[in-house]
Structure formats: C-alpha cells, structure tokens
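J.: just need the structure, nothing else, for what follows:
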Amino acid sequence: MRIDAHQHFWKIERNDYGWITPELPVLFRDYGPSDLEPHLRKHGIGKSILVQAAPTLEETEFILELSEQADFIAGVVGWMDLADSSYRKQYERFCQHPKFIGFRVMIQEMEDPNLVLSSAYVDALSYFAEQDVPIDLLVLANQLPQLVRLLERVPRLRGVVDHLAKPPIASGVIEPWRSHMSEIARQPKIYCKISGMVTEAGRNHWNKEDFTAYVHETLDLFGPERVMFGSDWPVCLLAATYDEVVDLFRYTVQDRLSPEETEMVFGGNAAKFYKLR
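T.: Numbers count the residues shown, from 1 in each chain. Predicted structure coming up:
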C-alpha cells in the first residue's frame, strides 16, 4: 500500500501555529481530511501519516481527534515536552489512542540547537530508544552537527530525519550537508524522508533537476530500505501542488530505484518504521 509519510492538518482559530500568518495566504486557512483525500485517491495512495504542526500538547490532542474522522490516516506523529519531567505520563496518555504512533522533536525551532544535547533531552530520548518508539527529527542543515552528537549519545534511537534536513537546494550546495548526513546514515535505525524539498528551492521557479543530487545522495547514504516519501502537504503549496510533488518524487528516483524499491519508498518503509498494523 502506498503511504504519504508526512502531511499536516490545522485549524487557524486554535491559534498555536505561530508560523502560519496572513502573509502566507495559501496556508492561512483551515486544512482537514476532506481537503487531502481527493489528492490521495488520485495517486492511489491509501494511507497517510499525520504530523503535528505546533509544539503543544493541545495540538497532539487535536490531531488525534481529527484522525478519527478519516480511515486513510494510518497514524499520528504528535508532540511532547521532553524538557518536562512528566514526559512519560504524556506519552502514556497519548498511547491510549490507537492511532498515536510516535512524536516529533523540533530541533528546527530551538533558539540554541545544543538544547537537544542537554541531559533532559538525552535522558528522555534514551528512554524512548529503549522502548523503540518512532521519532521524527525536524532539523535544519546547519543543525546537523548537533544531531550527529545526539545520535552518538543515543545510538539506538529509532528516528527519521524530516525533509532531508532541509539542505540548501536553492543554492545547489551539497557540502557540508552530505558529510553530516553520511555520519547520521551510519546509525542503522535512522531513516530519512524525501519530503519538504520544494519549499527549500526557489518558490517561484524551480526545475526538477534542482533536486536530483540531493535525492540521489540520500538514497546512496541510507539505501532504498530506509527512505520514505512524504508530500509535506499543505506546506508544499507554497511552491508546488500535490501533483507536482508526486511527479517530482517519481522523477528524482526513476533512475535509481527498481519498481519494487520505489514501492518500498512509497509506502513499505513508512509502514515498517512506524510499525503500522
């Protein structure tokens, strides 16, 4: 089954999406299951992974409730406050919901990315590594050194790097992104999402060729068994339609993956990583 491993929903009036402003009119509106379902159906995608878009416990509760409205939502990646000593209780509460499959650590939003190396985060992530909990890692390319160090301290973490760690696609620069990702890929339980690429390129004008080197490097480093497709819809609408995102994915992997490997990246790996039933 094909799976979109990274998409979002939100309701503006909830007012905890500080990054969604009227200056981004295409995003400054509500998005829900009925908006996404036609796109999934068109491309034969049977399931999706719903990922949090705000760093609040209320957001996790909201998207868990929303997931009950759509059978195509296979699982929810929420958010938890790992700096709070009650993080285990938060986790236990969310685990009561059958669609809760893990959570996301938003290193991108940390004013100082070294925070993720603090004892509070390392201790919490070590606990979840022991539990083998799937964890999304939202990180910028210039924060990869901190992620490398984190994984040295928590080597058994079951994690997936979102959006290829947002490399500088607009400039076409590969290093030091590639070298850092090479170190991260050495950790056998770390995956990578081919997602969120179009918003890292020139939003008003990009070519498919702009992305090829980054996707090929990702496939070479992680292998086709640890990479998964995600649309990053509706954030992708800042630069591309859902159709264009799917077309771009197919274009960038067509010369590197067999049909069987393509289906792994287009669903099988997400099912394995998130332990979907």
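J.: buried residues of the helix or strand hosting Glu217, list them for me.
T.: Using DSSP states H and E, Glu217 falls within helix 209-222. Buried residues in helix 209-222, defined by neighbour count with 16 or more other C-beta atoms under 10 Å: Asp210, Phe211, Thr212, Tyr214, Val215, Glu217, Thr218, Leu219, Leu221, Phe222. In this view, the C-beta of every residue, glycine as well, is placed from N, C-alpha and C.
J.: can you list those residues in JSON lines and add distance to Met110 and pLDDT?
T.: Below are the buried residues of helix 209-222 laid out as JSON lines (distance: C-beta to C-beta, whole Å; pLDDT from 0 to 100):
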{"residue": "Asp210", "distance to Met110": "28", "pLDDT": "92"}
{"residue": "Phe211", "distance to Met110": "27", "pLDDT": "96"}
{"residue": "Thr212", "distance to Met110": "31", "pLDDT": "96"}
{"residue": "Tyr214", "distance to Met110": "24", "pLDDT": "97"}
{"residue": "Val215", "distance to Met110": "27", "pLDDT": "97"}
{"residue": "Glu217", "distance to Met110": "25", "pLDDT": "98"}
{"residue": "Thr218", "distance to Met110": "24", "pLDDT": "98"}
{"residue": "Leu219", "distance to Met110": "29", "pLDDT": "98"}
{"residue": "Leu221", "distance to Met110": "24", "pLDDT": "98"}
{"residue": "Phe222", "distance to Met110": "24", "pLDDT": "98"}
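J.: what are the contacting residues of the helix holding Glu217?
T.: 164, 167, 169-170, 172, 174, 177-178, 181-182, 185, 190-192, 194, 197, 201-202, 227, 248, 251-253, 256-257 (C-beta atoms under 8 Å, 6 or more residues apart in numbering).
J.: gap between Cys236 and Gly230?
T.: Relative to Gly230, Cys236 is positioned 9 Å away (C-beta to C-beta, to the nearest Å).
J.: these two: which has the busier surroundings?
T.: Neighbours per residue, other C-beta atoms under 10 Å: of Cys236 and Gly230, the larger number sits with Gly230, 26 against 23.
J.: how about the more buried one: what's its closest non-neighbour residue?
T.: His6 (2.7 Å; C-beta to C-beta, 6 or more residues apart in numbering).
J.: residues contacting the one you found?
T.: Ile49, Val51, Asp162, His163, Lys193, Ser195, Gly196, Gly230, Ser231, Asp232.
J.: which residues touch the spatially most central residue of the chain?
T.: By C-alpha atoms, centre = their mean, the mean C-alpha position of the chain lies nearest to Asp162, the distance being 3.6 Å. By C-beta under 8 Å, 6+ apart, the residues touching Asp162 are His6, Val51, Arg104, Asp136, Leu137, Leu138, Val139, Lys193, Ser195, Gly196, Gly230.
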